[in-house]
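**Student:** My questions concern the predicted model and sequence given below.
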Amino acid sequence: MRFRRRPAALLAAVVATAAAATGLGVVGAGSATAATVPVGQGGYSDTRPAGAAGPENNTGAPVKPKVTSAAAGKPVPTNDWWSSLAFQRYPDNPYSENMYGHPLTYRAVSGGLEVGYPTSPAIVGDGRQYEFPHKRDLTVGLEGLNAPDARADSWSDWTVTPQWSDGARTLRTTIGHGMPYVYAQGTGGAARISAASTPNVFADQGNVLGVTIGGHHYALFAPTGSDWTVSGTDIRANLGGRDYFSLAVLPSTDALATYRKYAFSFVTDSRVSWNYDRAAGRMKATYTLTTTAKEGSERGTLQALYRHQWLHTSDALTPYTYVSPRGTMKVREGASFTTSQKVTGVLPGLPRVPAVDKARLTGYLNEVANAADPFQGATDTYWTGKQLGKLAQLVPIADQIGETAVRDKLLGLIKGRLQEWFTVGGPSEFSYDRDWRTLIGYPASYGSDKELNDHHFHYSYYVMAAAIVAQYDRAWAADSAWGGMVKTLVRDAANPSRTDQLFPFLRGFDVYAGHSWAAGHAGFAAGNNQESSSESINLSAGLVLWGAATGDTSLRDLGVYLLTTESEAIAQYWFDADQAVYPQNFNHDVVGMVWGSGGAYSTWWTANPEEIHGINVLPVTGGSLHLARKKDMIRRSISEMERNNGGPAVEWRDILWEFQALADPAKAKALWDAQNGGYGPEAGETKAHTYHWITTLDALGAPDTDVTADSPTAAVLTKNGTRTYVAHNHSDSAVTVTFSDGGKLSVPARSTATGTGTADPGDPGDPPATGNTFHPRSGGTLSTTAAATPTGDTIPSADGVNRDGTPYRPLVYEIRNVNGSHRSGGTTDFRLKVDAGTAVGLGQQARVSYDLTGDGTFDRVETYRYFATDPVPGWEEYASARAGLRSASGSLGDLRGGTVRLEVWSAIGNAPSQLQVGSGSVLTIPFG
């Protein structure tokens, strides 16, 4: 028996209150003398096991959150972009490490806040890493400020307010992602801006000063009636009895008037909200800043959107842009914006196909189920999780081929190990750290205890495994049984509540950056980092399946939001899917790790190309289908891996075969067949799962993510023009799943079903050739049938003038007398084949217009951002989904004798280009 000290009575009260507030299940408080906090049939301890370590600095000394008295007792969001402010990793730095907000970078020092705007990338590490490192342009402070430390005073979803105090002076600054402003409040001294080099003054308007420092333009704003004075590198303003001032980094000097408008509209809160529209198969997320007016009544603001955001918003954007490690950021004038993305479904497993040899598969299953140690000696949170995940992926496979004994044995193994971890006093358990408001599993691994690293990675496997158990045994998943502990892990890693006093809101997930961070302390010069984005996705997919299996739609929808958002971030920042993010002189198609300052073609433990390319793929599950949205990025990744590896994969071959199967199943199947099972699986994989995965995709085709469904547990696979619809129904009643191409699938209760339909025979990835899909034809028509042979129409030159947003000698294609019912939530989709030949600096633009009644007035007009073509002969794809809306007016309704028009013109450049017509280019409208 292990003895522990008595828990604080406060903990019991907080636990009970938080459980009621979050709706995430009852967490038992126990008595004031209990050493275990009971949760259903399990529980966690309130004290670490004997000899175990908790959060500590790099010398091994315990460390507590570095926050002000105003923030004391609040759950600190570790694993964030600014976490080094609150987690003092190094005893000799009581301020912060570099913090990458984008477009601005920051570092807290004794005199205030260093601010930089890095615009020139550096390629380091033998070409393996690109970074935009923090370099101070100026320091925001107060005259005479010399604080002994900087502390986190308040925070919200993507902003934070550090505070400095030296006894006589106090400074607070609010900073955040996408914020070109720094909002400062200070007492005890004049506002002081210390420049890194002599500033060049380009505007002096008394309380508004425009300066250029290090090639970057800044505007400084003091209260009305104040005056900035410049002496060398020292810039000061007496605040005249008031306590506020601000600065902004300007995209250009002529933006000063616009930025001045919002200089005193101080941001006080940042918040995301999400809404899963099942019927439309879309996830909408709204990002809102709350402001207060320090002067006047202006409450608006300016904010810069990352690429993964502006690709999916129809909200108006200004012409202003910023440089960042994530590519171009575009500026919105307004306090909020909304993104809308297609949802890629999550399956418990791929369906059964006749091509899978049952005897062979059964043999592979038995190899795992009957192993002397199915957990391969795993004892810590991560490696135990990997083994739980491995076994969980085999359960649906065994079930679908009728191997119920194997299925039940696997379920028993999973339950037994989960219950061991969910019970205090055995060889493994979870313990709550009340200082950091976190649940730590012991034995820990990879700094999950001392540095609070990777909780979302480790716990993802537990949630995913529990979701599979819940699919077959709901009683086990009840809150009163073991489900309460599963939800407690969720609260630690991805808590959807902002009022829960036990755990912070979405600990590891950065809602604005669009992805998770791995390091609890973020104590690196390059900021925070995340290596295995796919293990982060594993948590999101687990939440979708857990929520669907237990009827918890809130957690299900949280999983849909996290997965949909991070999927686009992964595609853009880990795989550079559109080849628009990485610097031109960074000669890699992927990175293994994303850092605050950039990205690295590396992993924490090896430079082996297989692991670099595979670490953002594993574990391969029914949540991995989202990767198939960008098949060319998969092909580029496999190609680079093989180049750098000197041939096909040999260590993580199974992971990379499965990855390749998402784009080119036949190639992956050929590699599998060549090995004929004669290889050693990756530690979290099995021959059974790999064989089933590759053979199924080879039989049915790669995922067709253009088609969505009104279920989060549905997908479409396409091969040779035939679509296979797949859906799982966790409920007790039969359901009909409707797909966006009109396909319907009846799914019995608690079952997976499949059905087939016909896709456009031209390209398995294209939308179906129904009445809502049109092909531009020479002569200016839109046709519902494709020509046998494509031809080309010439797009006239822009004649060297910027025509962005305004059609100039456009090609016009039109169809009239169209009838159709508008699909609520649907959007226009086009994929146009364009070619600039060898001409440099061209960009083509499209506009789609709808006259709903044919009366000659267009009721809805959508202008899309232009597509910059390369000077290499050959067709390129200009896709609406990638380009995004530039502007839109009016609204859609049903078409009754209506007209649909497509216009294509040159937005920039001084030469003509070509549009492929007849076939190849397609326009799909959101009407049935």
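**Tutor:** Thanks, I have it.
**Student:** Tell me where the stretch 351-500 of the chain has helices.
**Tutor:** Counting by DSSP state H, counting those that start in this stretch, the stretch 351-500 of the chain has these helices, from start to end: 358-369, 381-400, 404-421, 455-472, 474-477, 484-494.
**Student:** Do you have the strands of the stretch 551-700 of the chain handy? List them.
**Tutor:** Using DSSP state E, counting those that start in this stretch, the strands of the stretch 551-700 of the chain run over 593-595, 598-600.
**Student:** on that earlier part again, export the helices of the stretch 351-500 of the chain to JSON lines and tack on mean pLDDT and distance to Gly897?
**Tutor:** All C-beta spots, glycine's among them, are computed from the backbone N, C-alpha and C. Below are those laid out as JSON lines (pLDDT from 0 to 100; distance: least, Cβ to Cβ, whole Å):
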{"stretch": "helix 358-369", "mean pLDDT": "98", "distance to Gly897": "56"}
{"stretch": "helix 381-400", "mean pLDDT": "98", "distance to Gly897": "49"}
{"stretch": "helix 404-421", "mean pLDDT": "98", "distance to Gly897": "57"}
{"stretch": "helix 455-472", "mean pLDDT": "98", "distance to Gly897": "49"}
{"stretch": "helix 474-477", "mean pLDDT": "98", "distance to Gly897": "52"}
{"stretch": "helix 484-494", "mean pLDDT": "98", "distance to Gly897": "50"}
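**Student:** mind checking which of the ones you listed is nearest Tyr276?
**Tutor:** helix 484-494 (15.5 Å; Cβ to Cβ).
**Student:** Which parts of the stretch 201-350 of the chain are strands?
**Tutor:** Listed in chain order, the strands found in the stretch 201-350 of the chain under DSSP E, counting those that start in this stretch are 208-213, 216-221, 228-231, 234-237, 244-250, 265-277, 282-293, 302-305, 321-322, 329-333, 336-342.
**Student:** among those strands, which is nearest Thr423?
**Tutor:** With respect to Thr423, and counting by Cβ to Cβ, the nearest of those is strand 265-277 at 34.5 Å.
**Student:** got the strands of the stretch 551-700 of the chain as TSV, with mean pLDDT and mean neighbour count columns?
**Tutor:** Written out in TSV, the entries for those read as follows (pLDDT from 0 to 100; neighbours: other Cβ atoms under 10 Å):
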stretch	mean pLDDT	mean neighbour count
strand 593-595	98	24
strand 598-600	98	26
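**Student:** who wins for proximity to Ser891 among the helices of the stretch 351-500 of the chain?
**Tutor:** Sorting the helices of the stretch 351-500 of the chain by Cβ to Cβ, the top spot, which is the nearest, belongs to helix 484-494 at 35.5 Å.
**Student:** helices and strands around that closest one, which ones?
**Tutor:** strand 36-39, strand 42-45, strand 429-433, strand 438-442, helix 455-472, helix 533-550, helix 553-569 (3 or more Cβ pairs under 8 Å, 6 or more residues apart in numbering; DSSP states H and E).
**Student:** Could you save those as a markdown table and add columns showing distance to Trp158?
**Tutor:** Output for the helices and strands packed on helix 484-494, formatted as a markdown table (distance: least, Cβ to Cβ, whole Å):
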| stretch | distance to Trp158 |
| --- | --- |
| strand 36-39 | 31 |
| strand 42-45 | 30 |
| strand 429-433 | 25 |
| strand 438-442 | 20 |
| helix 455-472 | 17 |
| helix 533-550 | 17 |
| helix 553-569 | 13 |
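**Student:** From Ala600, how far off is the residue nearest the centre of the chain?
**Tutor:** Among the residues of the chain, the smallest C-alpha distance to the mean C-alpha position (Cα atoms, centre = their mean) belongs to Glu566, namely 2.0 Å. If you measure Glu566 against Ala600 using Cβ to Cβ, to the nearest Å, the figure is 19 Å.
**Student:** show me where pLDDT drops low in the stretch 701-850 of the chain?
**Tutor:** Counting by pLDDT under 70, the stretch 701-850 of the chain has low-confidence residues at 757-771.
**Student:** and Ala369, which of the helices and strands packed on helix 484-494 is closest to it?
**Tutor:** Each of the helices and strands packed on helix 484-494 was checked against Ala369 via Cβ to Cβ, and the shortest separation belongs to helix 455-472, namely 14.5 Å.
**Student:** Just name whatever secondary elements the closest one is in contact with.
**Tutor:** Packed against helix 455-472 by the contact rule (3+ Cβ pairs under 8 Å, 6+ apart) you find helix 381-400, helix 404-421, strand 438-442, helix 474-477, helix 484-494, helix 533-550.
**Student:** 10 Å - rerun?
**Tutor:** Judged by 3 or more Cβ pairs under 10 Å, 6 or more residues apart in numbering; DSSP states H and E, helix 455-472 is in contact with helix 381-400, helix 404-421, strand 438-442, helix 474-477, helix 484-494, strand 515-516, helix 533-550, helix 553-569.
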